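Trainee: quick one, fold the following:
(chains A and B)
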Amino acid sequence: RKEVEQDPGPFNVPEGATVAFNCTYSNSASQSFFWYRQDCRKEPKLLMSVYSSGNEDGRFTAQLNRASQYISLLIRDSKLSDSATYLCVVIISGNTGKLIFGQGTTLQVKP
Amino acid sequence: GAGVSQSPSNKVTEKGKDVELRCDPISGHTALYWYRQSLGQGLEFLIYFQGNSAPDKSGLPSDRFSAERTGGSVSTLTIQRTQQEDSAVYLCASTSGSPLHFGNGTRLTVT
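Mentor: Numbers count the residues shown, from 1 in each chain, chains lettered A, B, ... in the order given. Below is the predicted model of the structure:
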């Protein structure tokens, strides 16, 4: 089983839609969580960190469910520019500190 | 420069040849990562350097792969006797906490 798993999609949604992605992690010692965004043929960039209490940044909301071992990303009022691959990232406690990436979920926002 | 610099940006090599990929991290960043990304796939962790600690090499796929980081700065990833399955984009990233800053990657093609 992969340490970090995501539905690869693609998720095809119309502009203005609300879309949510989940990411599951297998190691209960996972301590830090992030969402990165990767545009086609570009390097990944940090979208937002995920805090235990959940956090919001504009149209984006990230949540953590430790009991079920998943994190989620909610995008409201989707824009064409949101089209990208969204990567879930985990750091495992007691580990050297390496970041484990999920394979990513592809979002296509259509006009 | 202000960002993570990788060279070369593209490398085409014949099967069986050795290649060296270079990463120049952001000045002052103590942690340096190498990832590999095949077409349409997620990021595969290769190796992680943190300060003067022994590197975490747990992601290196075979003994043909090695990496070093000299003086806590520049890193070189070496692939010996390249195989066609080594073809991918090799991404380097550095950080002193969060977020990871990625370079533009080296696109390696083994013919």
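
Trainee: quick check: what element follows the lowest-mean-pLDDT helix or strand in chain A along the chain?
Mentor: When the helices and strands of chain A are scored by mean pLDDT, DSSP states H and E, strand A:99-101 comes last with a mean of 89. Downstream of strand A:99-101, the next assigned helix or strand under DSSP states H and E is strand A:105-110.

Trainee: which strand or helix spans the residue nearest the centre of chain B?
Mentor: The residue lying closest to the centre of chain B (C-alpha atoms, centre = their mean) is residue B:34, at 3.7 Å. Residue B:34 belongs to strand B:31-37 when assigned by DSSP H and E.

Trainee: tell me which strands that strand pairs with, and in which orientation.
Mentor: Sheet pairing here is set by DSSP bridges, and for strand B:31-37 it gives strand B:43-50 (antiparallel), strand B:88-95 (antiparallel).

Trainee: what bridges to residue B:34?
Mentor: Beta-bridge partners, per DSSP bridges, of residue B:34: residue B:47, residue B:92.

Trainee: surely it touches residue B:79?
Mentor: No: Residue B:34 is beyond contact range of residue B:79, at 11.0 Å (criterion: C-beta atoms under 8 Å). Yep, even glycine has a C-beta here, placed from its N, CA and C like the rest.

Trainee: what does chain A put close to chain B?
Mentor: Residues of chain A found near chain B (C-beta under 8 Å from any C-beta of the partner chain) are A:6, A:32, A:34, A:36, A:43-46, A:49, A:87, A:95-104.

Trainee: switch the cut-off to 6 Å
Mentor: A:43, A:44, A:46, A:96, A:97, A:98, A:101, A:103, A:104 (C-beta under 6 Å from any C-beta of the partner chain).

Trainee: what score does the third one have for pLDDT?
Mentor: Residue A:46 carries a pLDDT value of 92.

Trainee: you'd agree it is in a strand?
Mentor: Yes: judged by DSSP: H, G, I helix; E, B strand; the rest coil, residue A:46 forms part of a strand.

Trainee: which non-adjacent residue is nearest it?
Mentor: By the measure of C-beta to C-beta, 6 or more residues apart in numbering or on different chains, the closest residue to residue A:46 outside its immediate chain neighbours is residue B:99, 3.4 Å from it.

Trainee: so that neighbour: helix, strand or coil?
Mentor: Of the three states, residue B:99 takes coil under three-state DSSP.

Trainee: and it, how many neighbours?
Mentor: Look at residue B:99: counted by other C-beta atoms under 10 Å in any protein chain shown, it has 17 neighbours.

Trainee: what pLDDT does it get?
Mentor: 81.

Trainee: what do you get for the one 10 residues further on?
Mentor: In this prediction, residue B:109 carries a pLDDT score of 97.

Trainee: now check whatever helix or strand it lives in, is it near chain A?
Mentor: Element membership for residue B:109, per DSSP H and E: strand B:106-110. No: for strand B:106-110, no contact with chain A is found by C-beta under 6 Å from any C-beta; the gap never falls below 9.1 Å.
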